[in-house]
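Peer 1: take this sequence and fold it.
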Amino acid sequence: MIQPHFLAIVNPAAGGGRCGRFERATLGRVRRAGIEIEVVETSRRGDATDIARKGYNKGFRKFLAVGGDGTSFEILNGLFPEALSSTARVALGFLPLGTGNSFLRDFTSQGVEYTIAALKSGKRRPCDVIRLRHSQGELYFINLLSLGFPTEVGETANRRFKRWGQLGYIFAVFTRLLALKHSSFPHRLDNSSEWNSNRALFLSFSNSKFTGGKMMIAPQADSTDGSIEYVRWGPVGRLGLLKALPTLFSGTHIQHPLAFRAGAKKIEFRLDGPVNVMIDGEILRLECRSIEILPGAFDAIV
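Peer 2: Got it, this is the predicted structure:
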């Protein structure tokens, strides 16, 4: 039986505990807007995936991610791949009480206010999902997958500066700048006959524009266009990167002579083994094999 109300999955630890401090007041506003919700809190990493999967099996098709990018990432992986074959589309809304909340920034800077208004009006739009196949299985994401510099920045931010929120991400950028390195991640776009094994500062495969809050890695990304936005930045040195650092926030880095962007439906990898991967704000160590776009696979409440 399809449940008519929302399942709100709350990560109290998101945003360095900010979500836990504000969840009651925020969810109270949702209820006062006339939205019926059932609330479940997470207590460990991966919990939101289990909660979402159980909710889906109980008939929920409308979900609220209360937290950050990691919370929505976990929820998405509790809904897919089952949601691909469902006749009733899944809808996901975002109450951004986490650190980055990057996906929602494509649509608004007003955060909670915007989402509550969208819930009241019933506003939705079909958005794409990207599927990653790796040596141990598959994962789904709606923001981005990144290799190289942004991944190392994200790992450092999570490990050392998490409690500082967006400011911590800036600290991590300068920390990794001091230990700058360039790596090769052999890959090819859309069954090209040529594999790209050139060393690069980073590779990014995006569904939306932002990462780390306000860093606009893929300024031309569009989560509704049925395409993966591919951005590669070649081996920029420390001084060159330091000078160009502000362009990562404006999105003008793609105009750099060493930068390249393209749209693609599928990317294949030929890696020697597992590497650090940033996927929707989560840092994982995976042996990536391919990513592909799933056009309009869910309804975003935006």
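Peer 1: so which residues of this structure form helices?
Peer 2: Under the criterion DSSP state H, the chain contains helices at 18-32, 47-57, 69-79, 112-121, 149-160, 166-178, 238-244, 247-250.
Peer 1: where in this protein is pLDDT low?
Peer 2: 165-166 (pLDDT under 70).
Peer 1: could you break it into its assigned domains?
Peer 2: 6-123, 141-296 (automatic domain parsing).
Peer 1: hmm, back to that, need the winner for burial among the helices of the chain.
Peer 2: Highest mean neighbour count among the helices of the chain (mean count of other Cβ atoms under 10 Å): helix 69-79, with a mean of 26. No exception for glycine: its C-beta is placed from N, CA and C like everyone else's.
Peer 1: what about that one, distance to the chain center?
Peer 2: Its chain's C-alpha centre and that of helix 69-79 lie 9 Å apart, by Cα atoms, centre = their mean, to the nearest Å.
Peer 1: and if you look at stretch 172-179?
Peer 2: 22 Å.
Peer 1: then stretch 94-112?
Peer 2: 11 Å.
Peer 1: and what of stretch 23-36?
Peer 2: Remark: stretch 23-36 is offset 25 Å from the chain centroid, using Cα atoms, centre = their mean.
Peer 1: what of stretch 240-257?
Peer 2: Counting by Cα atoms, centre = their mean, stretch 240-257 comes out at 21 Å from the chain centroid.
Peer 1: try stretch 14-28
Peer 2: Taking Cα atoms, centre = their mean, the mean C-alpha location of stretch 14-28 is offset from the chain mean by 20 Å.
Peer 1: quick one on the thing from earlier: so for residue 197, which of the helices of the chain sits nearest?
Peer 2: With Cβ to Cβ as the measure, helix 149-160 is the member of the helices of the chain nearest residue 197 (17.6 Å).
Peer 1: ok, the nearest residue to residue 96 once chain neighbours are set aside - how many residues close by?
Peer 2: Nearest non-adjacent residue to residue 96, counting by Cβ to Cβ, 6 or more residues apart in numbering: residue 111, 4.6 Å away. Residue 111 sits with 16 neighbouring residues when counted by other Cβ atoms under 10 Å.
Peer 1: residue 111 touches residue 93, doesn't it?
Peer 2: No. Using Cβ atoms under 8 Å, residue 111 is not in contact with residue 93; the gap is 11.8 Å.
Peer 1: angles on the backbone of the residue nearest to residue 96, please.
Peer 2: phi 60, psi -120 (degrees, to the nearest 10).
Peer 1: dump the domains of the chain to CSV, plus distance to residue 131.
Peer 2: Listed next are those as CSV, based on distance: least, Cβ to Cβ, whole Å:
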stretch, distance to residue 131
domain 6-123, 8
domain 141-296, 5
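Peer 1: indicate which one of those domains is closest to residue 130.
Peer 2: domain 141-296 (5.4 Å).
Peer 1: okay, how far is it across the closest one, tip to tip?
Peer 2: 13 Å (Cα to Cα, to the nearest Å).
Peer 1: coming back round to it: quick one: closest of the domains of the chain to residue 302.
Peer 2: domain 6-123 (4.3 Å).
Peer 1: start to end distance for that closest one?
Peer 2: 14 Å.
Peer 1: now stretch 78-86
Peer 2: Note: stretch 78-86 ends 14 Å apart using Cα to Cα.
Peer 1: give me the contacts around that stretch.
Peer 2: 48-56, 61, 63, 89-90, 92, 129, 131, 138, 140, 294, 297-298 (Cβ atoms under 8 Å, 6 or more residues apart in numbering).
Peer 1: and with 6 Å instead?
Peer 2: 49, 52, 53, 56, 90, 140 (Cβ atoms under 6 Å, 6 or more residues apart in numbering).
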